[in-house]
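In: Generate coordinates for the sequence data below:
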Amino acid sequence: MAVTEPAAAAAATEIPPHVPPQLPPQVPPQGSRGTIPDGSGDPDVCGGPEGSVASDGILRRQAQRESAARTYARSLPIVPVRARGLTIEGADGRRYLDCLSGAGTLALGHNHPVVLEAIRGVLDSGAPLHVLDLATPVKDAFTTELFANLPPELAADARIQFCGPAGTDAVEAALKLVRTATGRSGLLAFTGAYHGMTAGALDASGGAPGVRVTRLPYPQDLRCPFGVGGPEGAELSARWTENLLDDPKGGVPAPAGMIVEPVQGEGGVIPAPDGWLRRMREITAARGIPLIADEVQTGVGRTGAFWGVDHAGVVPDVMVLSKAIGGSLPLAVIVYRAGLDVWAPGAHAGTFRGNQLAMAAGTATLAFVRENRLAERAAALGERMLAALRGLACGHPCIGEVRGRGLMIGVELVDPDTGVAAPALAAAVRQECLDRGLIVELGGRHGAVVRLLPPLTLTDEQAAAVLDRLADAIPAAARRTH
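Out: Next up is the predicted model:
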């Protein structure tokens, strides 16, 4: 399963030796290797039996105190205490390769030196940390760098709205924007979509019942709604959409916008075919329907282009951005064509829409991805990883499909006899991976897709280690659940 191309110049570093908090942290240069910290002097973060006891206590108190809605903590009982690049160290001293990356937030991995330097720069400067929506040099630098990386046609005529700090806040803002601008209330969204956890974002997501959203078929191969897959399935999906919108008896309320993910993430890592996405742009443009691209997870190089829509050459009317644009800190914005900017002052706001630290970290991240061509790196390395995983699938009939784009990869597990999605097997694979020191998460309609979202700084050696551990975990899980 080895990936043998030369490692990227922007390789992620290992966890450095522990530095006491009162001392200025010494960041090793990119590519250096630190020793495993012993955690001496801090019983809550030491390795060995004491660390295991402390870790168990923290997990027990979390279970007692936190909401039943917690998710990752249930399947990943880890107490992270230090991290660098791809690597996390738990309070029990165990080390893990993190292919969750904060659900795609950590484009450069944990504690990247350029991100830490940017945050320290703001802290040391005496700049205000909270300014609502006032103009600051930090915000100006972020906006300038972001606009420099937008599709040029959009950047030339764009406005930006800083939203609440989460991607779902930006989705809400985008829906509110197009409804205000068009005077219409309907919305076009897609089966399998995921746009966040607030009310409007959930309405647009795949599992919401009884809402004013028209659900359209999203093309896919393994479980094509038309039973054909490939280009024919994508064409049928586009025709269905076009016919529904033009049918006076179609029952579709006048749409204020269409929202689409260039790659469905939580829906199972399903890339939108380029030709189909171009058709969606043509269909919406011809009918005066704003097209909203949800780039919360696909943005900033994740899919092998700076934005997911770049693969198809599509320029949306609105882009929803979060996760990686904050460089690991909470930040969310929408960028949209100036013609939609009809809001009155104060029509959309949020107390925490001016996070200076996140803007500084985001500027550093955007610039690093651009300057080091990490999108191109993600495209090349992702293709090799997908090829290796497809080779693995040939020997394991429980792998129904390997799919993805760039470093956004999914492996769907199925019952080898029936082809039905196998969520119990996927959960067992996740556990077997964790036992081997690899953090992955699940997605897909039935929770049967093992997802890989490693940082864009992933080295060839790290990619090989990830693939080796996953290749070992899958047959082990299959034996356990047989």
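
In: can we go C-alpha only for contacts and neighbour counts from here?
Out: Fine.

In: check contacts around residue 309.
Out: For residue 309, the contacting residues are 262, 293, 315, by C-alpha atoms under 8 Å, 6 or more residues apart in numbering.

In: try it again with 7 Å
Out: Neighbour list for residue 309: residue 262 [criterion: C-alpha atoms under 7 Å, 6 or more residues apart in numbering].

In: Unless I misread the structure, it falls within a helix.
Out: Yes: counting by DSSP: H, G, I helix; E, B strand; the rest coil, residue 309 is part of a helix.

In: give me the number of residues near residue 321?
Out: When neighbours are defined as other C-alpha atoms under 10 Å, residue 321 has 29 of them.

In: What distance do you get for it to residue 427?
Out: 30 Å (C-alpha to C-alpha, to the nearest Å).

In: got it, and residue 392?
Out: For residue 392, the distance to residue 427 - C-alpha to C-alpha - is 19 Å.

In: Looking at the two now, which is surrounded by more residues?
Out: Ranked by neighbour count (other C-alpha under 10 Å), residue 392 and residue 427 place residue 427 first, with 21 against 18.

In: show me the residues around residue 252 that make contact.
Out: 214, 245.

In: Equivalent analysis for the one 4 residues further on, please.
Out: Residues touching residue 256, when contacts are defined by C-alpha under 7 Å, 6+ apart, comprise 178, 179, 182, 184, 185, 186, 187, 289, 290.

In: same question, residue 253
Out: Contacts of residue 253 (C-alpha under 7 Å, 6+ apart): residue 186.

In: What about it? Give its phi and psi, please.
Out: Geometry field for residue 253 lists phi and psi as phi -60, psi 150, criterion degrees, to the nearest 10.

In: OK, contacts around the residue nearest to residue 169 when sequence neighbours are not counted?
Out: The shortest distance from residue 169 to any non-neighbouring residue, by C-alpha to C-alpha, 6 or more residues apart in numbering, is to residue 163 (6.1 Å). With contact set as C-alpha under 7 Å, 6+ apart, residue 163 has these partners: 169, 170, 332, 333, 349, 350, 353.

In: Select from the contacts of residue 256 the one having the most neighbours.
Out: Most surrounded of the contacts of residue 256: other C-alpha under 10 Å gives residue 178, at 27 neighbours.

In: Check which helices and strands the host helix or strand of it sits against.
Out: Using DSSP states H and E, residue 178 maps to helix 167-182. Under the contact criterion of 3 or more C-alpha pairs under 7 Å, 6 or more residues apart in numbering; DSSP states H and E, helix 167-182 touches helix 199-204, strand 255-260, strand 318-321, strand 333-337.

In: list the buried ones in stretch 253-269?
Out: 254-269 (16 or more other C-alpha atoms under 10 Å).

In: Check stretch 294-303 too.
Out: Under 16+ other C-alpha under 10 Å, the buried positions of stretch 294-303 are 294, 295, 296, 297, 298, 299, 300, 301, 302, 303.

In: repeat for stretch 63-70
Out: Result for stretch 63-70 [16+ other C-alpha under 10 Å]: no buried residues.

In: Endpoint to endpoint, it covers what distance?
Out: 9 Å.

In: With stretch 97-107 instead?
Out: Counting by C-alpha to C-alpha, you get 15 Å between the two ends of stretch 97-107.

In: Can you list the neighbours in contact with that stretch?
Out: 86-88, 109, 297, 323-324, 327-328, 437-441, 452-456.

In: again with stretch 366-377
Out: 10, 145, 300, 301, 302, 304, 305, 306, 325, 456.

In: Between those, identify the one with the most neighbours.
Out: residue 456 (35 neighbours).

In: quick one, phi psi at that residue?
Out: phi -70, psi -10.
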